[in-house]
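K.L.:
Sharing a model that was predicted from the sequence below.
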Amino acid sequence: MNQAEDDAEFMPSQRRRGRNELQDSGFMSDKSSYRGPSTAASHPAEMSSGLNLSFGFTPMQFEKIDLRGNHKPGPGREGMGLSEHAIESLVLSVDNITHLDLRGNRLNAAFGWKLIKAMKKKYLNLEFCNGIPLRALRMNSIQVLDLSPRASHVGMPWAEDSKEAAVEFANRGMYGIEVVGAIFLAHFLRLNTSLISFNFRLNHVEKDGAKALAQSLLGNAQTLLQTVNTMGPTKMKPGINFSHFKTGQLTMVDLSKRGMDDDDFVFLEEWLRRYDC
C-alpha cells in the first residue's frame with residue numbers, strides 16, 4: 001500500500017487558487033455565515049448538489065464537508081463542477097473534519113492518494129467518509145461491514161429509519177463509495193481487528209480501489225476477516241474463507257456462479273499472489 005514516491009506535495013499556490021475558485025463559485029462559506037454552535041447539519045440531508053458544512057463551537061471549527069454530486073455529466077457540461085484543486089483546498093482548510101463526502105465528483109485514485117497524504121494525521125479524525133462508518137472500524141465495534149447497495153446501516157451514525165439513512169441508501173445506489181472512499185477505507189482496515197465479513201460490491205471502487213483494500217488487509221497481521229463479497233462459503237459450495245490463507249488450510253477455490261466482477265478478481269488476485277497460490 002505504499003504510495004508512489006513521486007507524488008507531488010500540495011503547494012500553497014494551489015491551495016490559494018482552489019480557495020479562490022470556491023469563493024468565486026459561491027461554495028465557500030465565510031465567518032458571517034455562523035449562526036451559533038451546532039454539531040448537526042444546518043439543513044436536512046438532501047440529494048441536491050452543493051456544499052454542506054456543519055459548524056463546531058467556533059465559526060472556524062467546521063466538522064462536515066459534503067460535496068456530493070457536483071459533477072453532472074451531459075451535453076455541454078464538460079468542465080463543469082468543482083476542480084480537484086478546489087476540493088483539496090477546502091478539505092485541507094478544515095482542522096476538525098469528522099464527516100467527508102466527495103462522491104459524484106469524478107475523482108480518481110491519484111487524487112485520493114494525494115489528498116490523504118496531504119491531510120497527514122487529520123484523516124484519523126474522520127468518522128464517516130463517502131458512505132463508510134470509519135469510526136466504527138477505528139473503534140473495532142463492528143464485525144460486519146456491508147457497503148453493497150442494499151440497506152445495511154451497521155455502524156452508521158444514525159437510526160435505520162431516519163431520513164439520513166434513506167438518503168445514504170439512495171447515495172449507495174447512485175455513487176457507491178468510489179475509489180477515493182476505498183483508499184480512505186484501506187487506511188482504516190489495516191488497523192482493524194474486529195471485522196469478519198466485508199462486502200464492497202457494486203461500489204465503483206475500480207481496480208486501484210480493490211487493490212488498495214486487498215493490500216491493506218494483507219498487511220494487517222491481526223485481521224479476522226473471513227468472507228468477502230460473494231466469495232464466502234455457502235451451504236452448497238465451499239467458497240473462500242480468507243482466514244484460511246494464513247493457516248494454509250485453503251486447498252481448493254470454487255467460485256462458480258458467484259456473479260463476480262472485475263473488482264472481486266482484483267481483490268482475490270492480490271491474496272493469491274501474496275500466498276503464492
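P.N.:
Noted; the coordinates are in hand. Numbering: from 1, shown residues only.
K.L.:
Any idea how many residues pack against the residue nearest to residue 125 when sequence neighbours are not counted?
P.N.:
Distance criterion Cβ to Cβ, 6 or more residues apart in numbering; nearest residue to residue 125, sequence neighbours excluded, is residue 98 at 5.8 Å. Every residue, glycine included, has its C-beta placed from N, CA and C. Residue neighbour count, defined by other Cβ atoms under 10 Å, stands at 20 for residue 98.
K.L.:
Show the backbone phi and psi for residue 98.
P.N.:
phi -120, psi -20 (degrees, to the nearest 10).
K.L.:
Next: residue 134.
P.N.:
Main-chain torsions, residue 134, degrees, to the nearest 10: phi -70, psi -30.
K.L.:
Wait, it touches residue 184, no?
P.N.:
Yes. Using Cβ atoms under 8 Å, residue 134 is in contact with residue 184, at 7.1 Å.
K.L.:
Identify the contacts common to these two.
P.N.:
Here residue 134 and residue 184 share the contacting residues residue 126, scored by Cβ atoms under 8 Å, 6 or more residues apart in numbering.
K.L.:
Just the C-alphas of stretch 169-178, formatted as PDB.
P.N.:
The C-alpha trace of stretch 169-178 is given here as PDB (Å, rounded to 0.1, in the frame of the first residue of the first chain):
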ATOM      1  CA  PHE A 169     -29.300   4.300   0.800                       C
ATOM      2  CA  ALA A 170     -30.000   6.400  -2.300                       C
ATOM      3  CA  ASN A 171     -26.400   7.600  -2.500                       C
ATOM      4  CA  ARG A 172     -25.100   4.000  -2.400                       C
ATOM      5  CA  GLY A 173     -27.200   3.100  -5.400                       C
ATOM      6  CA  MET A 174     -26.100   6.200  -7.300                       C
ATOM      7  CA  TYR A 175     -22.400   6.500  -6.400                       C
ATOM      8  CA  GLY A 176     -21.100   3.700  -4.200                       C
ATOM      9  CA  ILE A 177     -18.100   4.600  -2.100                       C
ATOM     10  CA  GLU A 178     -16.000   5.200  -5.200                       C
END
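K.L.:
Could I get the average pLDDT for it?
P.N.:
Averaged over stretch 169-178, pLDDT sits at 84.
K.L.:
Likewise for stretch 111-122?
P.N.:
Stretch 111-122 shows a mean pLDDT of 97.
K.L.:
now that stretch, how far from the chain's geometric center?
P.N.:
13 Å (Cα atoms, centre = their mean, to the nearest Å).
K.L.:
Enumerate the positions of that stretch that are buried.
P.N.:
Within stretch 111-122, the residues scored as buried using 16 or more other Cβ atoms under 10 Å are 111-116, 118-119.
K.L.:
Return the distance of the closest residue to residue 241 other than its chain neighbours relative to residue 129.
P.N.:
Distances taken as Cβ to Cβ, 6+ apart put residue 226 closest to residue 241, at 5.1 Å, once the chain neighbours are dropped. Relative to residue 129, residue 226 is positioned 24 Å away (Cβ to Cβ, to the nearest Å).
K.L.:
ok, now residue 189?
P.N.:
Noted for residue 189: a distance of 13 Å to residue 129, by Cβ to Cβ.
K.L.:
got it, and residue 97?
P.N.:
9 Å.
K.L.:
cool, residue 104 as well?
P.N.:
14 Å.
K.L.:
circling back to that earlier point, of residue 226 and residue 129, which one has the most company?
P.N.:
residue 129 (26 against 17).
K.L.:
dump the residue contacts of that one.
P.N.:
With contact set as Cβ under 8 Å, 6+ apart, residue 129 has these partners: 99-101, 181, 184-185.
K.L.:
from the residues you listed, which two are the most distant?
P.N.:
Distance extremes for these: the farthest pair is 99 and 185 at 14.9 Å, using Cβ to Cβ.
K.L.:
In terms of neighbours, single out the busier of those two.
P.N.:
The residue with more neighbours, out of residue 99 and residue 185, is residue 185; 29 against 20, by other Cβ under 10 Å.
K.L.:
Report the contact partners of that one.
P.N.:
129, 132, 134, 137, 177, 200, 213.
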